[in-house]
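K.L.:
Here you go, sequence then predicted model.
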Amino acid sequence: MKITASDILNAKILIVDDQEPNVLLLEQLLLDSGYTQVTTSMDPLVVCDLNRINRYDVILLDLQMPKMDGFEVMAALKADHSMDYLPVLVLTAQPNHKLQALQAGAKDFISKPFDLVEVKTRIHNMLEVSLLYKKLAKNNLSLEDTVQKRTLELTKTNLLLGQEIDERKKAEASLRETYIQIKQLKDKLQAENIYLQKEVARQFNFDEIIGNSKLLSQVFQNVEQVAPMDATVLLLGETGTGKGVVARAIHSRSSRKTRPLITVDCTTLPASLIESELFGRERGAFTGSDSKQIGRFELADGGTLFLDEIGEMPLEMQAKLLRIIQDGEFERLGSPRTIKVNVRIIAATNRNLIEEVRNGKFREDLYYRLNVFPITLPPLRQRKEDIPLLVNHFVIKFNKKIGKLIDTISQEAHQALLQHQWPGNVRELESAIERAVILSEGNTLQILDRFDSFEKRVPRDDASIKGLVELECEHIAKVLQQTGWRIEGHKGAALLLGLNPSTLRARMRKYGIIRQSN
Ligand SMILES: Nc1ncnc2c1ncn2[C@@H]1O[C@H](COP(=O)(O)OP(=O)(O)OP(=O)(O)O)[C@@H](O)[C@H]1O
């Protein structure tokens, strides 16, 4: 910031003195020195007005004036413009006024009578300061203005930035929320997927067990729960409901799956042989036993022993079985040596074991040992929604076995299968389909059985066990009569009843059904 000579010469100067010669002298001096804007006044009362209009760079002010002295003029100037810089140079003949004037706001003084060199120098210096001050003030103002403008701009930008940050934050929050929702959906979908896959696996491919009914799903669930444990399982349910397949499924899903699953069908074993079958015998253990036999318990060591139709086991055998279940110990027939085995037991029965216990035909302690994890297989008539899947499964199976190409089932056949009550359950259905596949011509399955004739013999779910047994006995006898007492083969009663021939024979023995001559 520089003040030039021309700035100084063009500065605005006011001379105020009530003495005309002084005014003229000073005016002339300044004009001679090259100053271009020199104003004079002999009336102190107009100084404020003039200054308001012209904004002088220096006011040469006489102190002693009649109407208004220099002090009053300075006070008025200060008050009028609230000027923080008063560019006043006082003219005084009184030395004691000099300090007083400076205290009143004057910047400098010139002594009277005038020394012209001093006057010129002081005015020049004063103007330099005054102009510098003015420029500084102006610069300050423009700086303030710039600062204000920038501040305003910054505030605006800040506001915008704030809004933007707010919006970003909102967007981020909503993104986060969306992400959480997506994750939840994904997790749910995955869970559903896994569940569905499990369901599909369960419904259609639970080992060899076919069916997708609710009741069967419950069984699958139980199988999944118990299979990995070593717990004893008791399978309950009518004949042909699939207790055997469930036993195999439990074994194949257990840690023992690499070891054997040994089945003992208690109905087919004559009472006299059960013991040696189960526990084995040494050579010569009894008359006629000329060879050593390894029992089923030994064979099943490390694996699973499936005791089918456990309800048929003679009472004295039940006691031995209890011991081995409790201690894992037994002796071969004809040997004093105790053998220890690690066998998991799965037992099955279509009898009401509680009733058998009540009737003294089954040991109570053995019942409780076996009844650790009971699974009840529902009869087919209570889960008819499984019939189409089972029919499909068996048609494929027997197509392969017999060499047929059946791929359609008539509406009537379908209806007949759904209406029948299936007292022999899946086994009966399996036999019916095998028969139908054999007998059907072309590629459509024809059901030629007259199921309706069996309907009245179907066990009622609320019927007592005694009633069921009676019905079963009566039904077996009737079918045997129909087949001319033929048990096995395509025309045999076993196929019609949906039973294994050996099971049918056991039932006949049990119920005391003997061949009657026609
Ligand atoms: N859900 C099923 N899916 C496919 N086949 C089945 C199903 N249930 C049973 N079977 C078939 O039906 C037949 C009879 O089944 P299984 O021998 O397991 O019945 P069970 O209840 O043990 O009968 P029983 O009490 O007379 O011994 C078998 O050939 C078996 O493969």
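P.N.:
Ah, there it is. Owing to the predicted nature of the structure, the values given are computational and were not obtained by experimental measurement.
K.L.:
could you list every residue that touches the residue nearest to Asp301 when sequence neighbours are not counted?
P.N.:
In this structure, Asp301 finds its nearest non-sequential neighbour in Val341, 4.4 Å apart by Cβ to Cβ, 6 or more residues apart in numbering. In this view, the C-beta of every residue, glycine as well, is placed from N, C-alpha and C. Neighbouring residues of Val341 by Cβ atoms under 8 Å, 6 or more residues apart in numbering: Phe297, Glu298, Ala300, Asp301, Ile324, Gly328, Glu329, Phe330.
K.L.:
Let's see that with 7 Å instead.
P.N.:
When contacts are counted by Cβ atoms under 7 Å, 6 or more residues apart in numbering, Val341 touches Phe297, Glu298, Asp301, Gly328.
K.L.:
For PyMOL, write the select line for the buried members of those.
P.N.:
Selecting only the buried entries of those in PyMOL, with 16 or more other Cβ atoms under 10 Å as the criterion:
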select buried, resi 297+298+301
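K.L.:
Lowest-confidence entry in the contacts of Val341?
P.N.:
Here the lowest pLDDT out of these sits on Gly328, with 85.
K.L.:
May I ask which helix or strand encompasses the closest residue to the ligand within the stretch 1-150 of the chain?
P.N.:
Residue of the stretch 1-150 of the chain nearest the ligand, by Cβ to the nearest ligand atom: Arg150 (85.5 Å). Secondary structure assignment for Arg150, by DSSP states H and E: helix 116-205.
K.L.:
Following that helix in sequence, what is the next regular element?
P.N.:
helix 214-226.
K.L.:
got the buried residues for that following helix?
P.N.:
Those would be Leu215, Leu216, Ser217, Val219, Phe220, Asn222, Val223, Val226, for helix 214-226 by 16+ other Cβ under 10 Å.
K.L.:
Any residue of the next helix or strand after that helix touching the ligand?
P.N.:
Counting by DSSP H and E, the next helix or strand C-terminal to helix 214-226 is strand 233-236. No: applying Cβ under 6 Å from any ligand atom, one finds strand 233-236 separated from the ligand by no less than 7.4 Å.
K.L.:
Then stretch 267-281?
P.N.:
No: on the criterion Cβ under 6 Å from any ligand atom, stretch 267-281 is out of touch with the ligand, staying 8.0 Å away.
K.L.:
could you turn that stretch into PDB, dropping everything but the C-alphas?
P.N.:
The C-alpha trace of stretch 267-281 is given here as PDB (Å, rounded to 0.1, in the frame of the first residue of the first chain):
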ATOM      1  CA  THR A 267     -42.000-115.900  14.300                       C
ATOM      2  CA  THR A 268     -40.100-118.100  11.900                       C
ATOM      3  CA  LEU A 269     -37.700-119.600  14.500                       C
ATOM      4  CA  PRO A 270     -39.000-122.700  16.200                       C
ATOM      5  CA  ALA A 271     -38.900-122.200  20.000                       C
ATOM      6  CA  SER A 272     -36.400-125.000  20.400                       C
ATOM      7  CA  LEU A 273     -33.900-123.300  18.100                       C
ATOM      8  CA  ILE A 274     -34.200-119.700  19.100                       C
ATOM      9  CA  GLU A 275     -31.600-120.000  21.800                       C
ATOM     10  CA  SER A 276     -28.900-121.500  19.700                       C
ATOM     11  CA  GLU A 277     -29.800-119.100  16.900                       C
ATOM     12  CA  LEU A 278     -29.300-116.200  19.200                       C
ATOM     13  CA  PHE A 279     -26.400-117.200  21.400                       C
ATOM     14  CA  GLY A 280     -24.700-120.000  19.300                       C
ATOM     15  CA  ARG A 281     -23.700-123.400  20.400                       C
END
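K.L.:
Output the below-cut-off pLDDT ranges for the stretch 101-250 of the chain.
P.N.:
Applying pLDDT under 70 to the stretch 101-250 of the chain flags the ranges 187-207.
K.L.:
Could you show which parts of it are in contact with the ligand?
P.N.:
Near the ligand, when you scan the stretch 101-250 of the chain using Cβ under 6 Å from any ligand atom, you find Glu208, Ile209, Ile210, Gly211, Gly237, Thr239, Gly240, Thr241, Gly242, Lys243, Gly244, Val245.
K.L.:
Using CSV, lay out those together with neighbour count.
P.N.:
Shown next, in CSV, are those (neighbours: other Cβ atoms under 10 Å):
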residue, neighbour count
Glu208, 13
Ile209, 23
Ile210, 20
Gly211, 25
Gly237, 19
Thr239, 21
Gly240, 26
Thr241, 27
Gly242, 25
Lys243, 24
Gly244, 19
Val245, 17
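K.L.:
Quick one: these as a markdown table, columns for distance to Val73 too.
P.N.:
As requested, those are arranged in a markdown table below (distance: Cβ to Cβ, whole Å):
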| residue | distance to Val73 |
| --- | --- |
| Glu208 | 124 |
| Ile209 | 121 |
| Ile210 | 122 |
| Gly211 | 119 |
| Gly237 | 127 |
| Thr239 | 134 |
| Gly240 | 132 |
| Thr241 | 127 |
| Gly242 | 126 |
| Lys243 | 128 |
| Gly244 | 130 |
| Val245 | 125 |
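K.L.:
Just give the nearest non-adjacent residue to Glu118, would you?
P.N.:
Counting by Cβ to Cβ, 6+ apart, Ile110 is the residue found nearest to Glu118 once chain neighbours are left out, at 6.6 Å.
K.L.:
Can you give me every residue that contacts the one you found?
P.N.:
Contacts of Ile110 were listed using Cβ under 7 Å, 6+ apart, and they are Leu89, Leu91, Glu118, Val119, Arg122.
K.L.:
give me the beta-bridge partners of it?
P.N.:
Leu91 (DSSP bridges).
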